[in-house]
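Colleague: Quick check, what structure comes out for this input:
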Amino acid sequence: MPEITEARVLEALGNVMEPDLKKDLVSLDMVRDITVDAGNNVSFSVVLTTPACPMKDHIRTACVDAVRERIPEAAGITVNLPSKVTSGAAHDHHGGKNIRLDNVRNVVAVASGKGGVGKSTAAVNIAVSLAAAGARVGLIDADLYGPSIPTMFGLENARPEIRDKKIVPLEKYGVKLMSIGFLIEPDNPVIWRGPMASTAIRQFITDVDWGELDYLIFDLPPGTGDIQLTLVQTLPVTGAVIVTTPQDVALADVSKAVGMFRKVNVPLLGLLENMSYYLLPDGSKDYIFGKSGGEKFARAQCIPLLGSIPVGGAIREGGDSGSPVVAAHPGSETAKAFSSAAGEIARQVSIRNAALPDDGCGCAQGAGGGCGCH
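Modeller: Numbering: from 1, shown residues only. Here you go, the predicted model:
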């Protein structure tokens, strides 16, 4: 019986293609820690670029099949799938941003063209989904005039600590949180002109001890105003997620948000269609706001459709009670839809980062050398 060597395992895995980059795992330098024990049990790791990778099972199965086919004498095959999130925020190719957070690997903006489309609900459930998958996540409630994060996390009366002249963000469901709602009384309105709002957003970035983060998510206010411009002018943003509902009136406003991010050279990670349908008791779907509006818009704009989220009482109840649906009802169709969308966002972040030139981002495989999502 021939000996099972590291070279033979690498040769076998050289036939497993990375789904997005269309190159094999060995060429992309994703294979690590190959071991073969006395009983011919083979073990190795494939380093992914996000713990929220939607292709984990596919890669694991493809690796086992490849080794089993080319090394039939292998008794057992163990595939470990660790991850190290690639960095997009460390790159600034769109002109001198005045702040760079070295400990934050990716800045993701969640935006909409109009209010009432469930943008904050989407931002919250995406953040909690990424954290549940094992990512280090922060969430900034950048809607200063209508902060909803304190309510949606059940932290209306919580106040952050100050440590070493830095604000320590609150944390729940594994997500680090900052909101103007944590700093003012719940019934007090924020009556600020644009420059004051812009200053507050900068302070949320620079005066908060975020620590090490894989994703820092900004829940932006509706529209294309001062706060949006402050963000893109202050930080190198990895990409933007646009939230809409299916009806034409929402999509008309969404096109303005898409145009703004393109004008300021922020990549569009994709479109998330919220309130896509109502799931009836018999399992059928009622498209109460129209059907496939987001899908058609995404296709016309040449951006990915990240997912379609159903409308239902559990989402509203979760937001009001401080228990996001992905945490309160993880097995529900709504929670699964949000988790799938979060995985697609992570995937698009990694694909985008893979296309960046190598300027020392420190990712698992090296920028431009196989750090696409898997």
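Colleague: What are the buried residues along the strand or helix carrying residue 318?
Modeller: Residue 318 is part of helix 313-321 when elements are defined by DSSP states H and E. Neighbour-count burial for helix 313-321, counted by 16 or more other Cβ atoms under 10 Å, picks out 314-315, 318-319. (C-beta placed from N, C-alpha, C; glycine too.)
Colleague: outside of that helix, which residues touch it?
Modeller: With contacts defined as Cβ atoms under 8 Å, 6 or more residues apart in numbering, helix 313-321 is touched by 118, 120-121, 124, 148, 151-152, 154, 324-325, 327-329, 332, 334.
Colleague: 7 Å - rerun?
Modeller: 121, 152, 154, 324-325, 328-329, 332, 334 (Cβ atoms under 7 Å, 6 or more residues apart in numbering).
Colleague: got a winner among those residues for most neighbours?
Modeller: The most crowded member of the contacts of helix 313-321, judged by other Cβ atoms under 10 Å, is residue 152 (28 neighbours).
Colleague: the helices in the stretch 201-350 of the chain, which residues?
Modeller: With DSSP state H, counting those that start in this stretch as the criterion, the stretch 201-350 of the chain has helices at 226-234, 248-263, 293-301, 313-321, 325-328, 333-354.
Colleague: Return the first one as CSV; C-alpha atoms alone will do.
Modeller: Coordinates of each C-alpha in helix 226-234 appear next as CSV, following Å, rounded to 0.1, in the frame of the first residue of the first chain:
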residue,chain,number,x,y,z
ASP,A,226,-24.7,64.9,5.4
ILE,A,227,-24.2,61.7,7.5
GLN,A,228,-23.8,59.5,4.4
LEU,A,229,-21.2,61.9,3.0
THR,A,230,-19.4,62.2,6.3
LEU,A,231,-19.0,58.4,6.4
VAL,A,232,-17.6,58.0,2.9
GLN,A,233,-15.3,61.0,3.3
THR,A,234,-14.0,59.9,6.7
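Colleague: by contact count, what packs against that helix?
Modeller: For helix 226-234, the packing partners by 3 or more Cβ pairs under 7 Å, 6 or more residues apart in numbering; DSSP states H and E come out as helix 194-206.
Colleague: Could you grab the helix/strand/coil label for residue 69?
Modeller: The three-state label given to residue 69 by DSSP: H, G, I helix; E, B strand; the rest coil is helix.
Colleague: Who's the closest spatial neighbour of it, skipping the chain neighbours?
Modeller: residue 12 (7.4 Å; Cβ to Cβ, 6 or more residues apart in numbering).
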